[in-house]
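Trainee: Could you look at this predicted model? Sequence included:
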Amino acid sequence: MKKLLSVLLVTLLVAGLMTSALAGTADGKKIALVGKSAGNAFFEIAAASFKEAGEGEGATIDVVYPEAATADAQIKVLDNLISQQPDAICISANDFNALQAKLEEAMDAGIKVSSFDSAPNPASRQVFVNQAGTVAVGQALIDAVYDMAGGEGQWAILSATSQATNQNAWIDAMKKLAEDEKYAKLELVEVAYGDDEPQKSTDQTQALLDNYPDLKVICAPTTVGIMAAAKLVQDKPDCNVKITGLGLPSEMLEYTGADDAHSCPYFYLWDMQLLGKLSAYATIALINGDITGAEGETFSVEGLGEFSVTAADDGGTEIVQGLPLQFNADNIEEMAKLY
Amino acid sequence: MNLKKLTGSREFLLFIIVIAMFAIVSVVNPVFFSFNAVTDMLKNNAVTLVMALGMLGVMLVGGIDISITSTLALSGMTIGMLLKYNHISSTLLAFVIAIAIGTACGALVGLLISRAGVPPIIASMGFMYIYRAMGYLISNGGEWASAAALGSFKNFGTDKLMGLSKVIWIIIVCYIVFFFVMKWTRIGRQVYAVGSNAEAAEVSGIKVKNIKLMVHTVMGFLAGLAGALQVAVYASAMPNMAQGGEMDVIAACVIGGVSMSGGRGSVIGALLGALIMAMIPKALPLLHIDALWQNMIKGVMILAVVVINVILQRIAQRNALARREM
């Protein structure tokens, strides 16, 4: 009898949960998601996750792509959207300043404007959802180097081009973090540039191996670089250098593993799924008035906890997603299907 | 063989430059002086080496083709996607498809130049954009075909035949074939004739239009082959691969003494030029030259080799002239 009762109670509880899940926080709301251009596999992962999370809360999500990856084409898209009056627009901007007039028009028309992936300027948005911050990426990478080198020894960086802003920001973050006493026994011997070109990246990696016979780790925060380096090292059975950095799981599947047969134990990338989900919840929070985009506000995301709105470097506000996602022997197979 | 003729030739001077560069780098960094280092270098420059032969033919008739790396990307990307989605799995078939696509691409460029009379730089510029865009379209807008997706095809980049990488064997075969064809066959001599004086060639019964069509078709054939090699060597196909690499190929030919106005140049020259182009980016980091300076020095070295070559040749010519006056 007791058992029956408990079964009944659990059933009721589950049923209750299900109905409450059905009654989402954004029932009947319309959100338009504006991408940079069609055909960016990376963005589409985030968009799919955004759609899933938004629809899970009862909203209708329209993913719209401009004809070309330009601000002009996005303005056309925005013109159309404003006349349709969705509850919110979430945009990945093709230009920092050029969309301001249109997005202000949208906000004046009562449409909430959030952004993710690539931000329009502070006046054009209410809040921006930022992928892993520069310091978080730098921290993850320097820790990976520390781990793979066994706490001491020589390491090198293989970057894309010397002018790539994001690359330099991560490299600077790594260098700064490496000043900490913990990393004192790590010696950064060189920053090489492979221009995101397999041929040059191979030459540069080979030169690093030749010039520094005691090299332990190469950290390549660029997808082409990490792949070229991982391939070169893996093809040399007697080379024990380890590769890490930022890469795409499908590109790195062949080279990632915990054993000596693989050149890359693990590497990182933003969690595009998480970015999409978080952006969906942030946009819904804007619609429902839980947040307005002012610094210090907080909102909660199911299964992910509390997030807060903080000041962004560009003078606006942002929600920082957090740590990059690690890809290792355990999850790479699964993730390679996605990214 | 006449020693004076040998030492006076442009190829010989280039050969000295190659040996000197090799020696200097080997002294500074002995790592460079090894069989593995050299074969690695050749493999990493297979694409430039192979396409330099095609460019030699094109430049000999006074043309130029800047669409070649787009052709490379289109053919390489096509087999990458075919392998990725399991439409094909045979390495040989992949090579055949890549070469067929490349040949068709080259023939189109050649038709436009020889039949419609469009200047080579313009015609190939148009196709440079078209083929590159087609590469992107085939890749579903930027997808890559990576190592795991390429199956056994990528083994071609690491497999060896008689102790030498298969990729290097392909380079060797290409150079031997070209050496013979350009030097000892009628068609090879006709290419030189068209480049030296197209009108005279036409009058003497050479179908100039067909020769022009042929050199571009051969260029396409080699660009398609290079596409397959690129995918095998780097175990990845991406739509933006080798972008800008056509300049390295043209530079290899120019360094090798191939005249931009046609008629002059040789297979050996193209080989030496391509070797110099391969050695520069390999050597600079080994010499611990700062990364930011490497492109600058690469440019200076290209110009320096060409200028040295021109000066030495003038001296040789003056000496020859002086001998004649005596």
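Mentor: Yep, it's here. Numbering: from 1, shown residues only, chains lettered A, B, ... in the order given.

Trainee: which non-adjacent residue is nearest residue A:307?
Mentor: Residue nearest to residue A:307 in three dimensions, not counting chain neighbours: residue A:319, with 5.3 Å by CB to CB, 6 or more residues apart in numbering or on different chains. In this view, the C-beta of every residue, glycine as well, is placed from N, C-alpha and C.

Trainee: First residue to last residue on stretch A:156-171, what's the distance there?
Mentor: 11 Å (CA to CA, to the nearest Å).

Trainee: buried stuff in that stretch?
Mentor: Buried residues in stretch A:156-171, counted by 16 or more other CB atoms under 10 Å in any protein chain shown: A:156, A:157, A:158, A:159, A:160, A:161, A:164, A:167, A:168, A:169, A:170, A:171.

Trainee: residue nearest the centroid of the chain?
Mentor: Assuming you mean chain A. Centroid-nearest residue in chain A, with CA atoms, centre = their mean: residue A:270, separated by 2.9 Å.

Trainee: I was after chain B.
Mentor: The centroid of chain B falls nearest to residue B:52 when counting by CA atoms, centre = their mean (1.9 Å).

Trainee: wait, doesn't that one sit right on residue B:268?
Mentor: No: in this structure residue B:52 lies outside contact range of residue B:268 using CB atoms under 8 Å: 11.4 Å.

Trainee: Determine the residues that are contacts of both of those two.
Mentor: Counting by CB atoms under 8 Å, 6 or more residues apart in numbering or on different chains, the shared contacts of residue B:52 and residue B:268 are residue B:256.

Trainee: Please list the residues of chain B that sit near chain A.
Mentor: B:29, B:31-32, B:37, B:40, B:44-45, B:47, B:140-144, B:146-149, B:158, B:230, B:233-236, B:238, B:241-242, B:245, B:281-282, B:285-286, B:288, B:291-292, B:294 (CB under 8 Å from any CB of the partner chain).

Trainee: what's around the residue lying closest to residue A:100 once chain neighbours are set aside, how many residues?
Mentor: Closest residue to residue A:100 apart from its sequence neighbours, by CB to CB, 6+ apart: residue A:124 at 4.5 Å. Counted with other CB atoms under 10 Å in any protein chain shown, residues neighbouring residue A:124 total 25.

Trainee: helix, strand or coil for the residue in the stretch 1-150 of chain B that chain A sits nearest to?
Mentor: Distances between the stretch 1-150 of chain B and chain A by CB to the nearest CB are smallest at residue B:141, namely 2.4 Å. The local conformation at residue B:141, judged by DSSP: H, G, I helix; E, B strand; the rest coil, is coil.

Trainee: Do me a favour and get the backbone dihedrals for it.
Mentor: Per-residue torsions, residue B:141: phi 80, psi 40 (degrees, to the nearest 10).

Trainee: Let's have the buried residues of stretch A:156-171 in a markdown table, adding pLDDT and distance to chain B.
Mentor: Shown next, in a markdown table, are these (pLDDT from 0 to 100; distance: CB to the nearest CB, whole Å):
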| residue | pLDDT | distance to chain B |
| --- | --- | --- |
| A:156 | 95 | 11 |
| A:157 | 95 | 10 |
| A:158 | 94 | 10 |
| A:159 | 91 | 9 |
| A:160 | 86 | 11 |
| A:161 | 80 | 10 |
| A:164 | 72 | 13 |
| A:167 | 82 | 12 |
| A:168 | 84 | 12 |
| A:169 | 83 | 17 |
| A:170 | 88 | 16 |
| A:171 | 92 | 12 |
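
Trainee: tell me the two of those that are most distant?
Mentor: Longest distance between any two of those is 18.4 Å, between A:156 and A:169; criterion CB to CB.

Trainee: ok, which residues in chain A are in contact with chain B?
Mentor: For chain A, the contact set with chain B under CB under 8 Å from any CB comprises A:38-41, A:162, A:191-193, A:197-200, A:202-204, A:206-208, A:210-211, A:224, A:227-228, A:231, A:235, A:248, A:250-255, A:336.
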